[in-house]
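Chemist: generate coordinates for the sequence data below:
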Amino acid sequence: MTDARRPAKKAPMREALAEAAFELFMERGFERTTVDDIVARAGVGRRSFFRYFPSKDDVVFPDHESCLAETTAFLAAAEAAEIADGRDAADPIGTVCDAARIVLDMYAAKPEFSVRRYRLTREVPGLRAYELSVVRRYEQIFAGYLRHAYRTLPDGVLRAEVAAASVAAAHNNGLRLWLRSGGEGNARAAVDNALDMVRELWSAPAGPVVRTAVPGVFEVGGAGGAESSARDVIVMVAQRGTPMWRVVQQIEAAVGES
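Modeler: Down below sits the predicted model:
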């Protein structure tokens, strides 16, 4: 029999600090909330806060470090299994898509928190920049696995970078559709649809990743022939901070060129 008088189990300190922080962000705004405010709401000292989070920005993303570690371990295990079996990856893009779903599951496990975080990052430019830096870390993990998978191709390193960015972009597109809906519906379905498009493209027989005459723009082709050329994809790679008008200008130039 359960003892109704037994006190409820406390949330782990990391979660308690994140919850306290988000309550205050909603009440006062991100900029007007201090670390002192957060620890006072959580009922702990400043030292406890900095034991878990290097800064106030980090408390907005309390789960990404563990998710990055899990994603890294998943792909490392896949690569180790391929090496042990003396075989190449049968479906490297499919494996990376499965790794991206680990990130999705993290968001879907806490829909209310994920939606609140999404809305907050839209309002605070500094948090948006932080989020983009986290996305880049996932891309680097994906690319590391794909560099090994594509090691025998002459453009393997470039292919790995562009394919990793494609998977991350597809995942984020589906995820944001779900977040913008307020966390309603099936998050997995939205992301799977986007990832399936990437998998179909990149799982075709390897055609070249070609640099166009436009700086930072690449064409991803199929194995050749009329059918594959009709499905060529243009990928734009730009430095962080590049003005949007410049990105659009380069894409328009590449589309016109092709």
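Chemist: give me phi/psi at Leu153?
Modeler: phi -90, psi 140 (degrees, to the nearest 10).
Chemist: please report how far it lies from Ile83.
Modeler: 18 Å (C-beta to C-beta, to the nearest Å). For every residue, glycine as well, the C-beta is placed using N, CA and C.
Chemist: neighbour count winner among those two?
Modeler: Leu153 (14 against 11; other C-beta atoms under 10 Å).
Chemist: buried residues, stretch 156-165. List them.
Modeler: Buried residues in stretch 156-165, counting neighbours by 16 or more other C-beta atoms under 10 Å, are found at Gly156, Leu158, Arg159, Ala160, Glu161, Val162, Ala163, Ala164, Ala165.
Chemist: and the strand or helix carrying the third one, what does it pack against?
Modeler: Using DSSP states H and E, the secondary-structure element containing Arg159 is helix 156-180. Where contact means 3 or more C-beta pairs under 8 Å, 6 or more residues apart in numbering; DSSP states H and E, helix 156-180 is packed against helix 92-109, helix 111-123, helix 125-149, helix 187-202, strand 209-211, strand 217-220, strand 233-236.
Chemist: now that helix: average pLDDT?
Modeler: Average pLDDT, helix 156-180: 93.
Chemist: the inter-axis angle of it versus helix 92-109?
Modeler: 30 degrees (axes from the mean of the first three to the mean of the last three C-alpha atoms, to 10 degrees).
Chemist: so, low pLDDT: which residues of the stretch 1-150 of the chain?
Modeler: 1-11 (pLDDT under 70).
Chemist: rerun that using 90 as the cut-off
Modeler: For the stretch 1-150 of the chain, applying pLDDT under 90 flags the ranges 1-16, 26-30, 42, 44-45, 48, 55, 61-64, 82-90, 121-130, 132.
Chemist: from Ala160, how far out is Pro154?
Modeler: Distance from Pro154 to Ala160, by C-beta to C-beta: 13 Å.
Chemist: wait, I meant Asn173
Modeler: For Asn173, the distance to Ala160 - C-beta to C-beta - is 20 Å.
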